[in-house]
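K.L.:
when you get a sec, could you give me coordinates for this:
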Amino acid sequence: MRINKSNLEDVFKSTKADVETMELKGYEYIQNLFADSSGFGQEGEASLTPSQLLKELEAIVSEHGTVYTFISSQGHFQVNIGVYKRQGNKRTRKIANNTLEVYKTSACKQLVAIRLHDTNIVTYLENGKIRLDNGGWETVTTKERINRYLPTGYLLYQENWNWLIRTPSGKTIKYKNNMEI
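P.N.:
Alright, predicted model coming up:
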């Protein structure tokens, strides 16, 4: 959420994103704000009340100008809000909904991973192999994105609730997170 002095209360509309993803997108991490999300928090507790959160955020905006806020983690009664400023050293390119190509550096267009939400689902390793990770999400979208970036001849498919990979030689292997092919 883009935040400046005129819309501090919009912080409560922030969406979820992890620190690594935001840094890959060209944002520089400034600070974490740990805040009460239940509405029952009181001053003197570890988490900030809504009014304390707005006061802290106002101080950050005064120092840095426009900032961006994202929820980095959330519990039943508290939330961690990451505050960032835009740096411009973007190491990603959007290729589909919630899907990014991740490059080694902002200047170098060497593809190192395909990232779906906050998980590198396909990682190109320096030894020429590929690491696969569904992040615990065995969804049609995850499977489609992995298949799109598998080497020619490989196919990820589902049979009887199990994910399997067919190799170019026709062999079938059981899918496991962090497996290398």
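K.L.:
next up, the contacts around the spatially most central residue of the chain.
P.N.:
The centre of the chain sits closest to residue 118, judged by C-alpha atoms, centre = their mean, with a distance of 2.9 Å. Each residue near residue 118 by C-beta atoms under 8 Å, 6 or more residues apart in numbering is listed here: 17-18, 20-21, 135. No exception for glycine: its C-beta is placed from N, CA and C like everyone else's.
K.L.:
which ones among those map onto helices?
P.N.:
Judged by DSSP state H, helices contain the following of those: 20-21.
K.L.:
for the contacts of residue 118, which one is nearest residue 84?
P.N.:
Among these, residue 17 lies closest to residue 84 (C-beta to C-beta), at 9.4 Å.
K.L.:
can you get me a residue count around the closest one?
P.N.:
19 (other C-beta atoms under 10 Å).
K.L.:
contacting residues around the nearest residue to it once chain neighbours are set aside?
P.N.:
Spatial nearest neighbour of residue 17, excluding adjacent residues (C-beta to C-beta, 6 or more residues apart in numbering): residue 70 at 4.1 Å. Going by C-beta under 8 Å, 6+ apart, residue 70 touches 1, 14-17, 22, 81-82, 84.
K.L.:
could these go into TSV alongside distance to residue 91?
P.N.:
As requested, the contacts of residue 70 are exported to TSV (distance: C-beta to C-beta, whole Å):
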residue	distance to residue 91
1	22
14	22
15	20
16	20
17	15
22	11
81	23
82	18
84	15
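K.L.:
so which of those wins on neighbours?
P.N.:
residue 81 (24 neighbours).
K.L.:
ok, and what's touching whichever strand or helix holds it?
P.N.:
Assigning secondary structure by DSSP states H and E places residue 81 in strand 78-86. Residues outside strand 78-86 that contact it (C-beta under 8 Å, 6+ apart): 11, 14, 17, 19, 22, 26-38, 47, 53, 57, 60, 64-74.
K.L.:
what pairs with it, parallel or antiparallel?
P.N.:
strand 27-36 (antiparallel), strand 67-74 (antiparallel) (DSSP bridges).
K.L.:
return the most buried member of the ones you listed.
P.N.:
Across those, averaging neighbours per residue (mean count of other C-beta atoms under 10 Å) puts strand 67-74 on top, at a mean of 19.
K.L.:
list the contacts of the helix or strand bottoming out on mean pLDDT in the chain.
P.N.:
None of the helices or strands of the chain scores lower by mean pLDDT, DSSP states H and E than helix 19-24, at a mean of 90. With C-beta under 8 Å, 6+ apart as the test, helix 19-24 has contacts from 29, 68, 70, 72, 82, 84, 90-92, 100, 102, 115, 117-118.
K.L.:
now with 10 Å, please.
P.N.:
Helix 19-24 has contacts (C-beta atoms under 10 Å, 6 or more residues apart in numbering) with 18, 27-29, 32, 68, 70, 72-73, 80, 82, 84, 86-87, 89-92, 100, 102-103, 106, 113, 115, 117-120.
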